[in-house]
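Trainee: Pasting the sequence and the predicted coordinates here, then a few questions.
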Amino acid sequence: MVRAVSAAEITAVVNVGDDVELHGLHISPDLDTITYTVSGSIDLERGWGLAGETWNAMGALARYPLARTWFNLGDRDLATHLYRTDRLRAGARLSSVSQEIADAWSLGLHLLPVTDDRLQTRVTVDGEGEIGFQEYFVQRQHSVPVTTVRFDGAEAARPAAGVLDAIRGARRVVIAPSNPLVSIDPVLAVPGVRAAVEARRADGVAVSPIIAGAALKGPADRLLRELGHEASVLGVARLYAPLVATLVIDEADRELAGAVADEGLRCVVAPTIMRGPDDAKALAEVVLA
């Protein structure tokens, strides 16, 4: 997106349901992944963290028997979490700190957590009970069946300053090709956000994260099936029909374009696999058009 339009025109409203406190540090994985990706510093092979990272702190931590080393934090990545935690403990809002971090990395865009308040995605694992999202996603490698997803704290949360104004005033509202149930739904669960997106439906575009019945990475396809949805572009269309007027699907699903339209959405067929910045720019141009 930042290659298709000026970064100053972009506001990213970001999920914080994945946030976790470990080793006394406030970690915001989605905010940091956007920061590192847009700055060109992300480890492309892993899809998270910094390229060329070292792991001395985690290696030293592993010496201790009760250390929670299942969530890897690189040495330079730790600096981001140290700064965020220090600022939050000094009384700063997460939204303010997130913009400070974005500015320090010269992103140029507006980076907003959907809320400054506590919001945690919790999943119920079959036969085990409810656990935190990172325990499911990282510790258990999202390999266990899920029966429910809950956004703890959502009802009492308030949108961070600027979130609703950004949605109401945007030329285009875009739902990125992320997991609908655990990356997009936590954003929509904050009171006022879903209504604001629905009010902009005519100008809203979503990109399907499901291609030919599967997710490119992560558990989106399995979660859709486990929680009673169809793991296809049609399942995505049914979830997003109240939110956006247009759904972009991959060329691999071209034969389903008519069925998507039957769900009440304009369907646009385009290459949606982002193998690098050029592919991502081309997809952003389709979305903006």
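Mentor: Here it is on my side, so go on.

Trainee: Now do stretch 85-93, average pLDDT.
Mentor: On average, the pLDDT along stretch 85-93 is 98.

Trainee: Pull the residues that contact it.
Mentor: Residues from elsewhere that reach stretch 85-93 (C-beta atoms under 8 Å, 6 or more residues apart in numbering): 24-26, 94, 96-97, 100, 116, 160-161. The way it works is simple: take the backbone N, C-alpha and C, and place the C-beta from them, glycine included.

Trainee: Surely A284 is in contact with A7?
Mentor: No: A284 is beyond contact range of A7, at 11.9 Å (criterion: C-beta atoms under 8 Å).

Trainee: what about these two, which has more around it?
Mentor: A284 (19 against 15; other C-beta atoms under 10 Å).

Trainee: ok, now which ones touch the more buried one?
Mentor: 1, 3-5.

Trainee: Would you show me how to pick out the buried ones of the contacts of stretch 85-93 in ChimeraX?
Mentor: With 16 or more other C-beta atoms under 10 Å as the burial test, the buried ones among those are selected in ChimeraX as follows:
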select :25,26,94,97,116,160
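
Trainee: Tell me which two of the contacts of A284 sit farthest apart.
Mentor: Across those, no pair lies farther apart than R3 and V5, at 8.4 Å, counting by C-beta to C-beta.

Trainee: coming back round to it: show only the entries of the contacts of stretch 85-93 found in helices.
Mentor: 94, 96-97, 100 (DSSP state H).

Trainee: Domain-wise, how is this protein divided?
Mentor: Per automatic domain parsing, the structural domains of the chain span 7-119, 172-289.

Trainee: Redo these as JSON lines? Include distance to Q134.
Mentor: Converted to JSON lines, the domains of the chain look like this (distance: least, C-beta to C-beta, whole Å):
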{"stretch": "domain 7-119", "distance to Q134": "5"}
{"stretch": "domain 172-289", "distance to Q134": "11"}
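
Trainee: Out of these, the one nearest V149 is which?
Mentor: Counting by C-beta to C-beta, and looking across all of these, nearest comes domain 172-289 at 5.8 Å.

Trainee: Give me the distance between the two termini of the closest one.
Mentor: Counting by C-alpha to C-alpha, to the nearest Å, you get 9 Å between the two ends of domain 172-289.
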